[in-house]
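Participant: Got a sequence here, can you build the structure:
(one chain, ligands or ions: 2)
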Amino acid sequence: MTVIAHMSDLHFGRAVPEVTQALLDCLDQLQPELVIISGDLTQRAKDEEFKQGMAFLRKLRQPRFIVPGNHDLTAYNLLERLLYPWQKWQQYVAADLQPIMQTDAFMAVGLNTARRMGWYTDWSRGRINPGQIRYVQDMLQDVPADCLRIVVAHHPFWLPDSSMCRSLVGGREAALEGFQAAGVDLILGGHVHLAYVQPLHGMLISHAGTTTSNRLIQGQPNSFNVIRGDREILKLEQMEWRGTAFVPVQQQFFKRAAGGWQVHGNF
Ligand SMILES: [Fe+2]
Ligand SMILES: [Fe+2]
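Facilitator: Ligands and ions are numbered 1, 2, ... in the order given. Next up, the predicted model:
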C-alpha cells in the first residue's frame, strides 16, 4: 500500500514556525514514502523565503516532489518576472519545473501551471497548454496497469461553489479530457487554500489547504492530506492543525470501477 503525504501553499515568509515543526513531527510518525508539495513554497519569491523553504525541505526525512505555484514568481520585480521568471526556483529548489517520479506503486507527473503573464489582469491565474497535456500522456503511456497515476499541478481543475470567485486553471477542459484518456487517477493541487476531494470524469481531484502559512481563509485551518492505497481502492485522509498538532479529521474512501473512481464511503 502506497502512503503519500500531499501538502501545498507552505508560503515561507508567512509560515508559522510552530505549525511547521508540528508538520515535521507528524510526518515522522506517518512515515509516508513521498511528500508531494503542490506549489506556493514562498510568499513573494524572495531569496530569504526560498532559503527558509529549502531549510524546511532539507529537514524532511522523506523524498520530496515539488512543483511551483504563482507565488513562486516575483510580483514586484517586473524585469525578473518577464525575463528570468524561474531563475530563483531553479537556483534554490530544483532545475526541473515539471518533475516525474516512478515507483512500482505509482507514477507522479508534475506540471508548472503558473504563468509570468497573460492577456488578463489577474496574473495569479494558472494555465495548462496542449504541450503539457501531451507530456502527461507521454509519461503515462507505458505505465503498468496497477500503477497509480498522479498529476500534480498548483491551480484548480475544479472548485466548490464557495470558491467560484477564484479562477479555474486555463485550458482545463482539454486537460481533463487528455488526462482521462491517459488513465489519470489523482489530480493534486492547492492555490485556493481550501481542502477538498471531488470525483470528476472518473478521476479524483484532491486539494490541500495551506499547510503551514497564516494566509488562512475563514473556517479552514492549516491542513495536509494523506493518500493511502493502490489503483483499486484509495483512502484520502485530511489532517488538520488543531492548535498543538495535526490530527485526522476526515477520511474518504474511493473505489475504481469501470467508469473510474467512485465514492466508497465517508468517515
Ligand atoms: Fe497560495
Ligand atoms: Fe497560488
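
Participant: in this protein, which segments are predicted with low confidence?
Facilitator: 266-267 (pLDDT under 70).

Participant: residues in contact with the residue nearest to Asp47 when sequence neighbours are not counted?
Facilitator: In this structure, Asp47 finds its nearest non-sequential neighbour in Lys88, 6.8 Å apart by CB to CB, 6 or more residues apart in numbering. Backbone N, C-alpha and C define where each C-beta goes, glycine included. The contact partners of Lys88, by CB atoms under 8 Å, 6 or more residues apart in numbering, come to 45, 47, 50, 72, 74.

Participant: following the strand or helix carrying Ile205, which helix or strand comes up?
Facilitator: Using DSSP states H and E, Ile205 sits in strand 203-207. Later in the chain than strand 203-207, the nearest helix or strand by DSSP H and E is strand 223-229.

Participant: hey, C-alpha coordinates of the helix or strand that that following strand is followed by in PDB?
Facilitator: Next in sequence after strand 223-229, counting helices and strands by DSSP H and E, comes strand 233-241. Coordinates of each C-alpha in strand 233-241 appear next as PDB, following Å, rounded to 0.1, in the frame of the first residue of the first chain:
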ATOM      1  CA  ILE A 233      -9.000   1.500  -3.600                       C
ATOM      2  CA  LEU A 234      -7.800   4.700  -2.100                       C
ATOM      3  CA  LYS A 235      -8.300   6.300   1.300                       C
ATOM      4  CA  LEU A 236      -7.800  10.100   1.400                       C
ATOM      5  CA  GLU A 237      -7.400  11.500   4.900                       C
ATOM      6  CA  GLN A 238      -7.400  15.100   5.800                       C
ATOM      7  CA  MET A 239      -5.100  16.200   8.600                       C
ATOM      8  CA  GLU A 240      -5.900  19.500  10.300                       C
ATOM      9  CA  TRP A 241      -4.000  21.800  12.600                       C
END
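
Participant: Run the chain-centre distance for strand 233-241.
Facilitator: Centre-to-centre, strand 233-241 and its host chain are 14 Å apart (CA atoms, centre = their mean, to the nearest Å).

Participant: which strands and helices sit next to that strand?
Facilitator: Contacts defined by 3 or more CB pairs under 8 Å, 6 or more residues apart in numbering; DSSP states H and E place strand 233-241 against helix 17-30, strand 203-207, strand 223-229, strand 246-257.
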